[in-house]
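Q: Provided below are the primary sequence and the corresponding predicted coordinates.
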Amino acid sequence: MKRKLSVMIPVFVFSGIVTFIDAFVHPDYFFKIPVKIVFFLALPMLFFARNFDAFCDFKKLFVFKKKGLFKAFILGLGVYAVILSGFLLTRNIIDYSGVTKNLTDGMGITADNFIYVSLYISLMNSFLEEFFFRGYGFITLSKYASRRTAYIFSSVMFAFYHTGMLFGMFGFGVLALLLFGLVAGGCIFNYLNEANGNIYPSWFVHMFANFAINTVGFILFGVI
């Protein structure tokens, strides 16, 4: 129980803080990047430092295995197509103007610097999120909690963490739909990693999802 709470509490608190800051403080995105990197890495490392006998589990998260990667690649391509197609089909139905306005006014992201943000989000941020929410918040947690608890907790926290960023971009109905999608996506990511015991399969799919979202961003900013 103690180790279970040692994993769950930091993930919950960090996700809540990020949500609050994104929703109400609106820091510059380039200031937020190094702060998030520190906490993404420091919180899990603090747990493993205090529970050194579990450090072998930490190392397993990064053991590269080819198994499952081809399926993850194909799934990633499918996710890219679905997200981009969904945007193209709904761009005349849903008002997406709040997206670029929120990014520019709230985070300092513009058409000029979006290329750098998109590269960070797609490659590095996706890896850090997979390490934190799937590697630490799911695989590590599943050692000390039931499989069902680990699935639900990791997926809900993944959605909770994104709530503040999405707040203000869309109306309530679209926001609720996106959060449901994040919970479902989190469950799929957990499933992909469960068999291999590492974070690479979900990272592949997460990257392609972010590639699609960033493609949408380039369209909304008028870059492409």
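A: Received it, and whenever you're ready, just let me know what you need.
Q: Quick one: the strands in this protein, in order.
A: Assigned by DSSP state E, the chain shows no strands.
Q: Where does pLDDT dip in it?
A: For the chain, no stretch is flagged by pLDDT under 70.
Q: And the residue nearest the centre of it?
A: Per C-alpha atoms, centre = their mean, the C-alpha nearest to the average position across the chain is that of Glu129, at 4.7 Å.
Q: Leaving out sequence neighbours, find the closest residue to Met107.
A: Tyr29 (4.0 Å; C-beta to C-beta, 6 or more residues apart in numbering). Quick note: C-beta positions are derived from backbone N, CA and C, even for glycine.
Q: what sits against the one you found?
A: 107-109, 117 (C-beta atoms under 8 Å, 6 or more residues apart in numbering).
Q: Of those residues, which is the nearest to Met165?
A: The closest of the contacts of Tyr29 to Met165 turns out to be Met107 (C-beta to C-beta; 8.4 Å).
Q: From the structure, what's the count of residues near the closest one?
A: By the criterion of other C-beta atoms under 10 Å, Met107 has 18 neighbours.
Q: shouldn't it be in contact with Phe31?
A: No - contact status for Met107 versus Phe31: not in contact, 9.5 Å apart, counting by C-beta atoms under 8 Å.
Q: follow-up on the earlier one: please check the contacts of Tyr29 and keep the buried ones.
A: Buried members of these, scored by 16 or more other C-beta atoms under 10 Å, are 107-109, 117.
Q: Put the alpha carbons of stretch 78-94 into CSV.
A: In CSV, the C-alpha atoms belonging to stretch 78-94 read as follows (Å, rounded to 0.1, in the frame of the first residue of the first chain):
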residue,chain,number,x,y,z
GLY,A,78,-3.8,4.6,-38.6
VAL,A,79,-4.1,7.1,-35.7
TYR,A,80,-2.5,9.8,-37.8
ALA,A,81,-5.0,9.2,-40.6
VAL,A,82,-8.0,9.2,-38.2
ILE,A,83,-7.0,12.4,-36.4
LEU,A,84,-6.2,14.3,-39.6
SER,A,85,-9.3,13.0,-41.3
GLY,A,86,-11.4,13.9,-38.3
PHE,A,87,-10.1,17.5,-38.4
LEU,A,88,-10.7,17.9,-42.2
LEU,A,89,-14.2,16.5,-41.9
THR,A,90,-15.2,18.8,-38.9
ARG,A,91,-13.3,22.0,-39.7
ASN,A,92,-16.5,23.5,-41.1
ILE,A,93,-18.6,22.3,-38.2
ILE,A,94,-16.4,22.9,-35.1
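Q: Just want to check the distance between the closest residue to Leu182 other than its chain neighbours and Leu175.
A: For Leu182, ignoring the flanking residues on the chain, the nearest one in space by C-beta to C-beta, 6+ apart is Ala159 at 3.8 Å. For Ala159, the distance to Leu175 equals 11 Å [C-beta to C-beta, to the nearest Å].
Q: Before I go, just wanted to say thanks for your time.
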